[in-house]
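In: The following comprises the amino acid sequence and a computationally predicted model.
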Amino acid sequence: MDSIASFFTDAFKYITSLGVSDIIDILIVAAIFYWLIGFIQRTNATKVAKGIVVLLILMWLSGVFNLSLTNYLLKNVFEIGVIAVIVLFQPEIRRALEKVGSQGFSFLGREVQSHTMESAIMQTVFACEAMSRTRTGALIVFERDNRLADIISTGTTVDAQVSAELIKNIFFDKAPLHDGALIILDGRIAAAGCMLPLSSNASLSRDLGMRHRAGIGMSEHSDAVVVIVSEETGAISLAVDGMLKRHLSQDTFETLLRKELMPKEPEIRSGKRINRKFQKVNESTPKQNEDSFLNMNEDVPNQSDDPNQKVNEDASKQSDDSVQ
């Protein structure tokens with residue numbers, strides 16, 4: 001009991017002795033561990049993480065039981081293992097650093113007008129719906145924060161306004177640019193016939209062909225939004241952050257594209273402005289009604305001042321005088 005009481009006493013003293021810098025330090029370390037756990041769950045690093053935990057346990061046990069040779073070997077393995085982990089997870093680490101950089105300096109990025117992007121989304125939806133009916137394969141990439149200059153350089157420069165007819169002509173099976181991806185940049189078609197990296201995810205379904213694997217791979221290597229139309233089934237799919245959503249209806253497809261591509265901040269601000277305007281109108285309407293009601297009461301003449309009533313009173317007095 002005394003040991004438990006002393007433990008809680010020491011813990012309370014330690015907690016009360018924490019300063020602001022200590023709390024910030026703890027929060028930073030917790031955020032790093034939270035990011036690492038999420039990174040392991042989003043990638044194929046689960047088995048590797050389990051292996052690292054097993055090696056850590058073995059190294060700790062070798063130190064407890066004074067197994068000097070085993071402990072020495074495990075320590076050297078870990079020193080080399082750090083470099084091996086960096087080499088193995090180089091694509092994931094690069095993608096994570098690119099996301100951090102794009103989020104941290106997003107104010108330096110280019111702005112796309114909302115009506116231009118909305119027109120591009122609508123034309124893409126119309127084209128994909130038509131190609132889905134005719135079972136024409138398509139692969140469309142919407143660039144976001146991560147630049148795709150290296151991907152664009154592998155295709156043919158187009159630099160044209162997005163239209164449903166142009167997209168359908170590009171992916172026509174006899175067209176020279178149909179075998180590749182179409183890149184949409186800033187609401188315009190930048191290039192067509194581009195080559196995309198294939199996904200290295202071994203857990204993908206065997207039903208997915210090269211077009212779907214290329215779309216997933218593009219979403220894994222960047223923050224791009226990739227649209228895939230299957231040539232075999234005509235199904236419309238959307239790949240974002242390595243996740244594939246298949247068999248989308250036209251309404252669901254349009255909703256997802258708007259959610260991923262349309263700017264969110266201006267819509268929120270405009271919504272706040274609209275709410276404020278409605279609030280002002282609602283606040284001013286009762287006052288206006290009250291003022292108008294008071295003005296109407298002031299304008300309406302009093303019954304005692306009614307001229308018709310006065311005429312009737314004079315007529316009644318004259319009749320009384322004549323009777324008398």
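Out: Thanks, I have it. Residues are numbered from 1 along each chain as shown.

In: Is Leu238 part of a helix or strand, or is it coil?
Out: At Leu238, secondary structure determined by DSSP: H, G, I helix; E, B strand; the rest coil is strand.

In: is it in a bridge, and if so with what?
Out: Note on Leu238: beta-bridge partners by DSSP bridges are Val227, Lys245.

In: which ones are touching it?
Out: Contact analysis of Leu238 by Cβ atoms under 8 Å, 6 or more residues apart in numbering lists 225-228, 244-245, 248, 253, 256-257, 260. C-beta coordinates here come from the backbone N, C-alpha and C atoms, glycine included.

In: ok, now Leu261?
Out: 117, 121, 142, 144, 225.

In: repeat that for 7 Å
Out: Residues near Leu261 by Cβ atoms under 7 Å, 6 or more residues apart in numbering: 117, 121, 142, 225.

In: ok, the contacts of Leu238 vs Gln90, which is closest?
Out: Val226 (21.7 Å; Cβ to Cβ).

In: what's the distance between the closest one and Asp179?
Out: The gap separating Val226 from Asp179 is 16 Å, by Cβ to Cβ, to the nearest Å.

In: How about Ile189?
Out: Taking Cβ to Cβ, one finds Ile189 at 17 Å from Asp179.

In: cool, Leu256 as well?
Out: 26 Å.

In: neighbour count winner among the two?
Out: For Leu256 and Asp179, the more surrounded residue by other Cβ atoms under 10 Å is Leu256, and the numbers stand at 17 against 13.

In: if I pick the spatially most central residue of the chain, what's in contact with it?
Out: Central residue of the chain (Cα atoms, centre = their mean): Glu260, 5.1 Å from the mean position. Shown in contact with Glu260 (Cβ under 7 Å, 6+ apart): 225, 240.

In: how near is it to Gln161?
Out: In terms of Cβ to Cβ, Glu260 sits 21 Å off from Gln161.

In: same thing with Ile184?
Out: Distance from Ile184 to Gln161, by Cβ to Cβ: 11 Å.

In: more crowded one of those two?
Out: For Ile184 and Gln161, the more surrounded residue by other Cβ under 10 Å is Ile184, and the numbers stand at 25 against 13.

In: Which residue is the nearest non-sequential neighbour of the more buried one?
Out: Phe142 (5.0 Å; Cβ to Cβ, 6 or more residues apart in numbering).
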